[in-house]
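>>> Mind folding the following:
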Amino acid sequence: MPNHQNLQSPTVSDLVQRYARTRGRTLALIQTLQPEDLVVQSMPDASPAKWHLAHTTWFFETFLLATIKDYHVYNPDYSYLFNSYYEALGARQPRPLRGLLTRPALQEILLYRRHVDAHMQILLRDVLSDETSALVQLGLAHEEQHQELLQMDMLHLFSQSPLKPVFDAGWRAPAGGRRARYVAQQGGQVLQGADGKTFIFDNEAPRHTTWLQAYEIADRLVTNGEWQAFIEDGGYAKASLWLADGWAQVQAEQWQAPMYWHRDGDSWKQMTLAGLVAVEPDEPVLHVSYYEAAAYALWAGARLPTEAEWDAAAAAGVLQQVDDVAWQWTQSAYAPYPGFRAVNSAVGEYNGKFMVNQQVLRGGASVTPPEHTRITYRNFYRPQQRWMFAGVRLARDPAVADTDGFATDVQAGLSAKQKQLSPKYFYDAIGSKLFEEICLTPEYYPTRTETALLHQTSATIAALIPDGAVLVEFGSGASDKTRCLLDAAPQIAAYVPIDISEDALGNAAERLRVLYPALQIAPLAGDFTEALQLPHAVDHLPRVGFFPGSTIGNFAPEEAVRFLRLARTLLGEDAIFIIGADVVKDVATLQAAYNDEQGVTARFNKNLLTRINRELNGDFDLSTFHHEARWNAELSRIEMHLVSRVDQIVNAAGHSYAFKMGETLHTENSHKFTTESLSALAAQAGWTVFAAWVSDAPQFAIYGLTPQP
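Model prediction:
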């Protein structure tokens, strides 16, 4: 029942015009449909279009016309056929079986609508009481709800057809745009709920005070491109991101993407009201459940806003894409506002009895009638449902601890005269996968050359490893090369992979536990360039360090010395340290290895900007930067840069940074060594090179180190 306290009743003329406009819009929605389209029910949550036409008409007849003394009900059977959920009005056709109602036929339903409309026009020309006027407005709002439901249900129905029919050729997806930015909102006492001066549903009241902590909220919705990154990072395969019920739903229904997305080779398409179209990265993502929204938010280092947070931000005017794109999930359960009481009648069943096991969505969607949206509107659906036009707006708590130093390092690196960032930030889950792809490119020789050399020398190296040793690998990644040593040295009792990426660490450890069930595996998540301690369960074992992949070359010389000293402390006085290092060679071979024709290295380099955008509220436009690898002969290193194509201002981690055209962000060095230069570097950190194994061209070397006395 609408709240009509202090509500001014619309004029007779206003009601007559709005009634005709609203009822006419429903009929306009079905103009492109065939009679067969209108009778099918594609799932229990949906209803046939013909049922929507009849039910909305039944509502006006039952709650308004039937109360008039001389009115005769059009067909008494319709009370059973077209009642939705009003227990006070008697039995009804079960919802999942509405698609079985082939009779009455469509033409009879249309006659029913005309009959009721004619009598309603007569009713509306009289002076109406406030209560009757409120019921008319409720009926119109009810019909608007079903206009949206009709489009939702038809989209679901047409999505099941291999023909992928078009419902509305003129429908356009909401426009794309820039990525969202977080807007800070102060906490404090705020008013929530409608003031009752215009039409509202009863669940929007009463107006009350609530308290908010300070928070940040995204000014725009999550995009398809951002959601694709979530998919590519295995978002639908990581139980750690999901609520328990959500994970069960993912497994039961094999969710891999939003509801209407379909793989098309290497790209995605989605079913829309305009048929099957390409997924456009800049457009807002649609048709995701609460479970998906919550999982994505956790993956993105954020959360969903509460109802009150959404309310306050919308009222402050800081949000874009508020009510004409997608309904936005909140983390608030659908519950009554303080002081809410449903009226004791059939109309009182409209909202109150659904206040359990549902989540609130706010805003409005592209299919929501414009007259139907308002800031206080409380939509609600069950957390697993996704056929509605639902999207995602993120929020987060302010001053989140910079636990891994990423924000601090980005601020410092982008403020430097030569902008630079540590290569350790390449290796989020997406970056780790891209590096694995780099290793498979024809130009990138280090991985396959080192792997071949490891196979050739593994027996010799294994003979140096004491019984019951723990193998400690720095920057373990996928732990692929590790298997050469594990296979050659079964006397290794334990393995401690160290990596900054918990995802890569967990995936690698899971695979190795299957392959080496007797091996004790104790993953250590952390930055191996900082002081670490081995897990207590293995700290008594003889220690062998393993640092393959020429990662030593990514450090500046002073950083390499510091790392080698930390490794010496961690491994102890009796350790052996096996290190891989690339060898100085001709420039053409070196540059080709970091400029592969497939562009994988370029994507790997640019993923650093993607990570900044995702985790630090950045707005880097990747198309305005290009990847470049340079050989610095003086310092014997390949340098990777991201070069700005234009003059631009970029925002990230709460600050703005200016890039001139041609200015670079220096992201990685890869130093190349000779045996002499590597030995000199090791000596500065207290290590002695006791062995060097060098491959054929293109040369790569593996070195054995022991601590100096």
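>>> Okay, now the unreliable bits of the protein?
Of all residues in the chain, those with pLDDT under 70 make up the ranges 1-9, 345-349, 399-404.
>>> Tell me how many other residues crowd the nearest residue to residue 285 once chain neighbours are set aside.
Counting by CB to CB, 6 or more residues apart in numbering, residue 227 is the residue found nearest to residue 285 once chain neighbours are left out, at 4.4 Å. C-beta here means a position set from N, CA and C on the backbone, and glycine is covered the same way. The burial metric for residue 227, expressed as a neighbour count using other CB atoms under 10 Å, is 25.
>>> mind listing what residue 227 touches?
Residue 227 sits next to 257-258, 285, 288, 296 when contact means CB atoms under 8 Å, 6 or more residues apart in numbering.
>>> swap in residue 415?
In this structure, residue 415 makes contact with 655, 657, judged by CB under 8 Å, 6+ apart.
>>> distance of it from residue 678?
Distance, residue 415 to residue 678, by CB to CB, to the nearest Å: 33 Å.
>>> same question, residue 171
Separation of residue 171 from residue 678 (CB to CB) stands at 64 Å.
>>> Looking at those two, which has the bigger crowd around it?
When neighbours are counted by other CB under 10 Å, residue 678 comes out ahead of the other of residue 171 and residue 678, with 24 against 15.
>>> Ramachandran angles for that one?
The phi and psi torsions at residue 678 (degrees, to the nearest 10) take the values phi -70, psi -40.
>>> The residue lying closest to it once chain neighbours are set aside: which element?
In space, not counting the residues next to it along the chain, residue 678 is nearest to residue 581; the distance is 5.5 Å by CB to CB, 6+ apart. Element membership of residue 581, judged by DSSP states H and E, is strand 576-582.
>>> What helices and strands are in contact with that strand?
Contact here means 3 or more CB pairs under 8 Å, 6 or more residues apart in numbering; DSSP states H and E; on that basis strand 576-582 packs against helix 445-462, strand 543-547, helix 557-571, strand 700-707.
>>> For the third one, which residues meet the burial criterion?
Taking 16 or more other CB atoms under 10 Å as the neighbour-count basis, helix 557-571 is seen to contain the buried residues 560-564, 566-568, 570-571.
>>> just to revisit the earlier point, I'd like the helices and strands packed on strand 576-582 as TSV, with distance to residue 239 appended.
Below are the helices and strands packed on strand 576-582 laid out as TSV (distance: least, CB to CB, whole Å):
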stretch	distance to residue 239
helix 445-462	31
strand 543-547	30
helix 557-571	32
strand 700-707	38
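>>> out of those, which comes closest to residue 355?
Of all the helices and strands packed on strand 576-582, it is helix 557-571 that lies closest to residue 355, at 56.5 Å by CB to CB.
>>> Only C-alpha atoms, please: export the closest one in PDB.
Coordinates of each C-alpha in helix 557-571 appear next as PDB, following Å, rounded to 0.1, in the frame of the first residue of the first chain:
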ATOM      1  CA  PRO A 557      73.200  -4.000  -8.700                       C
ATOM      2  CA  GLU A 558      72.700  -2.600  -5.200                       C
ATOM      3  CA  GLU A 559      69.300  -4.200  -4.900                       C
ATOM      4  CA  ALA A 560      70.700  -7.500  -6.100                       C
ATOM      5  CA  VAL A 561      73.400  -7.300  -3.400                       C
ATOM      6  CA  ARG A 562      70.800  -6.600  -0.800                       C
ATOM      7  CA  PHE A 563      68.700  -9.600  -1.900                       C
ATOM      8  CA  LEU A 564      71.700 -11.900  -1.900                       C
ATOM      9  CA  ARG A 565      72.500 -10.800   1.600                       C
ATOM     10  CA  LEU A 566      68.900 -11.500   2.800                       C
ATOM     11  CA  ALA A 567      69.000 -14.900   1.100                       C
ATOM     12  CA  ARG A 568      72.300 -15.700   2.800                       C
ATOM     13  CA  THR A 569      70.700 -14.900   6.200                       C
ATOM     14  CA  LEU A 570      67.600 -16.900   5.500                       C
ATOM     15  CA  LEU A 571      69.500 -20.000   4.100                       C
END
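>>> Having no further points to raise, I will conclude here.
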